[in-house]
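Student: the amino acid sequence is not available; the structure is as follows:
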Ligand code: CP
Ligand code: NVA
């Protein structure tokens, strides 16, 4: 593994290796066992969009691994004034040991990898959110024991989360159902790939999607960068909500996951978010452990 640009680039074995290392790093942190595996290394973190979890978990994670992290807001970088990504990549490659970037176009992340000479990590694009899904898979495995044969239902927008969840689930032997309004389906190439490689259902019937699910997942109706579509989306997504009626058709022991931030009363009710807070905040915690595993595998030789 040279970069983490999208989960589709990883093999099943690479994903399971990251999850195993994430579990080990979590155990060590829980037991105050130091693991300075990246002493002297520096991660640059470029943010063109807001973040709480990604920024803090990467920054704290690098510190816990004995290294350093630099928060680079695109507002302050020359990239925000139009310096091309191919120049930025070549310059930053000379100072840093890896770059995490959160931006809009997936092509920008791919360009950084093409022109830079250090590992690039996708910290969310409009297309994919691979770091989140590694934490999600770690969480599902913690609660369910195995991934193989489990079913995940995603309710909501066929966005970056849906795209990456489909790939992560299919690669690890899970089945996945997406309940989304017509016109908001996940990336067509990803759906085609998933159909050829596993069990995927795309439907506008959320009850069909959630039926017998082991994990029910949702995300905001309007992602970052879509703020001006929020009113239209509120109308188009009405009813595409994780609530107690929907959870009644999932498996009785199903967990609920949400990448957060959540909009209570839109994609999820306050009642369900609080009822399933254990799995949702374990999921948020696992961002730290899963990303530390990514950092170690990419930066440690
Ligand atoms: N889930 C997630 O990526 O959260 P942030 O936007 O806070 O980083
Ligand atoms: N789909 C959301 C995920 C946030 C973590 C967004 O892109 O804003």
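Tutor: Great, that's in hand. Bear in mind the structure is a predicted one, so any value in this text is a computation, not a measurement. Ligands and ions are numbered 1, 2, ... in the order given.
Student: in which helix or strand does residue 49 reside?
Tutor: Following DSSP states H and E, one finds residue 49 outside all helices and strands.
Student: thought it was touching residue 104?
Tutor: Yes: in this structure, residue 49 is within contact of residue 104 by C-beta atoms under 8 Å, at 7.5 Å. Where C-beta positions appear, they are placed from N, C-alpha and C, glycine not excepted.
Student: quick one: common contacting residues for the two?
Tutor: Common contact partners of residue 49 and residue 104 (C-beta atoms under 8 Å, 6 or more residues apart in numbering): residue 225.
Student: ligand 2 contacts on the stretch 1-150 of the chain?
Tutor: Proximity of the stretch 1-150 of the chain to ligand 2, by C-beta under 6 Å from any ligand atom, involves residues residue 124.
Student: the stretch 1-150 of the chain: strands as residue ranges?
Tutor: Per DSSP state E, counting those that start in this stretch, the stretch 1-150 of the chain carries strands over the ranges 42-47, 68-73, 98-102, 120-122.
Student: elements contacting the second one?
Tutor: So that's strand 68-73. Packing partners of strand 68-73 (3 or more C-beta pairs under 8 Å, 6 or more residues apart in numbering; DSSP states H and E): strand 42-47, helix 53-64.
Student: and with 10 Å instead?
Tutor: Counting contacts by 3 or more C-beta pairs under 10 Å, 6 or more residues apart in numbering; DSSP states H and E, strand 68-73 packs against strand 42-47, helix 53-64, helix 85-95, strand 98-102.
Student: now do the buried residues in that strand.
Tutor: Across strand 68-73, burial judged by 16 or more other C-beta atoms under 10 Å covers 68, 69, 72.
Student: export the residues you listed to CSV and tack on distance to residue 231 and pLDDT?
Tutor: As requested, the buried residues of strand 68-73 are exported to CSV (distance: C-beta to C-beta, whole Å; pLDDT from 0 to 100):
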residue, distance to residue 231, pLDDT
68, 43, 98
69, 37, 98
72, 33, 94
